[in-house]
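Chemist: what's the 3D shape of this:
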Amino acid sequence: MKAVVAIDSFKGSLSSLQAGNAVREGILRADPDADVQVLPLADGGEGTVEALTFGLGGTLRTANVTGPLGGRVRASYGVLPDGVTAVMEMSAAAGITLLKAEERDPLSATTFGVGEMIRDAIAAGCRRFLIGIGGSATNDGGAGMLQALGFGFLNARGGQVPFGARGLGELRRISFDGVLPELKDCSFRIACDVGNPLCGERGASVVFAPQKGAAPASIPQMDRWMRDYAVLARSVCPGADPDCPGSGAAGGLGFAFRSFLGAVLESGVGIVLEETGLSEAVQSADLVVTGEGRLDAQTVMGKAPIGVARIAKEYGRPVIAFSGSVSCDAAVCNDHGIDAFFPILRAPATLREAMEPVIAQKNLADTAEQVFRLFMIKETKSTNYTVTEANRHEKNENHLHHRPGQ
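Modeler: Below is the predicted model of the structure:
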């Protein structure tokens, strides 16, 4: 049997690779001769750097960069074995989790550190970038990132505008004079799973800024600044489109990547599945295993396990899933390519106990073993049936050719 395992992290408990290796352990207990290939899985958000970097044999680098409110933070990103592909999460430099609730302020929060991460990777030889932009603390339209890469975001006096959304209120001119020359050789694939435009009722300021600490009175003002920024950006980048789906992601960072760096905004799951070569692995597999920490109706809304199931079904492969828990509406997953799913909790436990990595890993391996024992029984019966049928056919042939009296 050949099984391909691509299982998302059990957040707060197991990484994608830890979960995958636990499944592999359980499969091999049931069938020591099984060929089990573990691939990393993520959706472009938290955990993507770790999953792709370690799963594909890359290395982590750490850069000392500007944090969302101007202090210094140590941001890690991955470099894949080809030496030219960097895997990043913008949240490592400008994420909302870097701030306490009372510190959140999109008027001041900057993406400057994201640009510094990119500069660091360029200096290390990277020219191809895979970047997840979820979890931001910012609403600066990506201005800070572009400033770090040498773009001039200039006020009426010709100086750089200040960090944060309020800097867009002072913006009068955009200059390309100091742009990092290596950028012309770089490509950017941006993991972006929201379709919001830059401005308006569904734009960055109205939809996302409140959860980043914006006062209600500041939201219309930030939206006006974004509109003015978009007009100015289009005057220097004719392809700049504030209405393009995803432009409003990460406080307008999606707009900056697409307009100034020629980036492509894509499904995070799609990027990960393509980079890991899942399609090629599935073609020769007998079975595909996926899963995540909790399976529910939200799983079918573009989450990683459904991406795996969709590819598996393109090749007619059966798909099973493991999860820490399942909701009462999880059965909808069966209508989207997951043939059967199994929660791994094996005895009463508190949530804290169940999420202990050692316990979760054991539960996952033990559950996988029992499920695959069933597959082995099925395979054995199928093989025995085939052999029995072959023997019966051979006896019939002999009987026809050696009738008594002939």
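
Chemist: Give me the neighbour count for Ser323.
Modeler: 28 (other CB atoms under 10 Å). Backbone N, C-alpha and C define where each C-beta goes, glycine included.

Chemist: ditto for the one 10 residues further on
Modeler: For Cys333, the count of nearby residues is 26 (other CB under 10 Å).

Chemist: Give me the buried positions along stretch 181-190.
Modeler: By 16 or more other CB atoms under 10 Å, the buried positions in stretch 181-190 come out as Leu183, Cys186, Phe188, Arg189, Ile190.

Chemist: For that stretch, list the C-alpha coordinates in PDB.
Modeler: Provided in PDB are the C-alpha atoms of stretch 181-190 (Å, rounded to 0.1, in the frame of the first residue of the first chain):
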ATOM      1  CA  PRO A 181      17.600  47.300  -8.000                       C
ATOM      2  CA  GLU A 182      17.300  43.500  -7.300                       C
ATOM      3  CA  LEU A 183      13.600  43.800  -7.100                       C
ATOM      4  CA  LYS A 184      13.300  43.700 -10.900                       C
ATOM      5  CA  ASP A 185      14.600  40.100 -10.700                       C
ATOM      6  CA  CYS A 186      12.200  39.100  -8.000                       C
ATOM      7  CA  SER A 187       8.800  37.300  -8.200                       C
ATOM      8  CA  PHE A 188       6.100  37.300  -5.500                       C
ATOM      9  CA  ARG A 189       3.400  34.800  -4.900                       C
ATOM     10  CA  ILE A 190       1.100  36.100  -2.100                       C
END
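
Chemist: Touching that stretch from outside, list them.
Modeler: 122, 126-133, 149-150, 246, 254, 257-258, 261-266, 271 (CB atoms under 8 Å, 6 or more residues apart in numbering).

Chemist: same thing with stretch 318-331?
Modeler: Residues contacting stretch 318-331 (CB under 8 Å, 6+ apart): 7, 10, 13, 19, 23, 286-297, 299, 305, 308-309, 312-313, 333, 337-345, 354-355, 360, 364, 367-368, 371.

Chemist: show me what contacts Gly26?
Modeler: Leu364, Ala365, Asp366, Thr367, Ala368, Glu369, Gln370, Val371, Phe372.

Chemist: out of these, who's nearest Pro210?
Modeler: Leu364 (37.9 Å; CB to CB).

Chemist: what's the distance between that closest one and Leu60?
Modeler: To Leu60, Leu364 is 25 Å away according to CB to CB, to the nearest Å.

Chemist: same check, this time on Thr97
Modeler: 19 Å.

Chemist: One more: Ala30?
Modeler: The value you get for Ala30 to Leu60, if CB to CB is used, is 34 Å.

Chemist: per-residue confidence for the residue lying closest to Arg227 once chain neighbours are set aside?
Modeler: Distances taken as CB to CB, 6 or more residues apart in numbering place Cys199 nearest to Arg227, at 4.9 Å, with adjacent residues excluded. In this model, Cys199 is scored at 97, pLDDT.

Chemist: wait, isn't Cys199 in contact with Val231?
Modeler: No: taking contacts as CB atoms under 8 Å, Cys199 lies outside contact range of Val231: 10.2 Å.

Chemist: So between the two, which is more surrounded?
Modeler: Cys199 (26 against 10).

Chemist: my read is that one is in a helix, agree?
Modeler: No: in this structure, Cys199 is coil, not part of a helix, as judged by DSSP: H, G, I helix; E, B strand; the rest coil.
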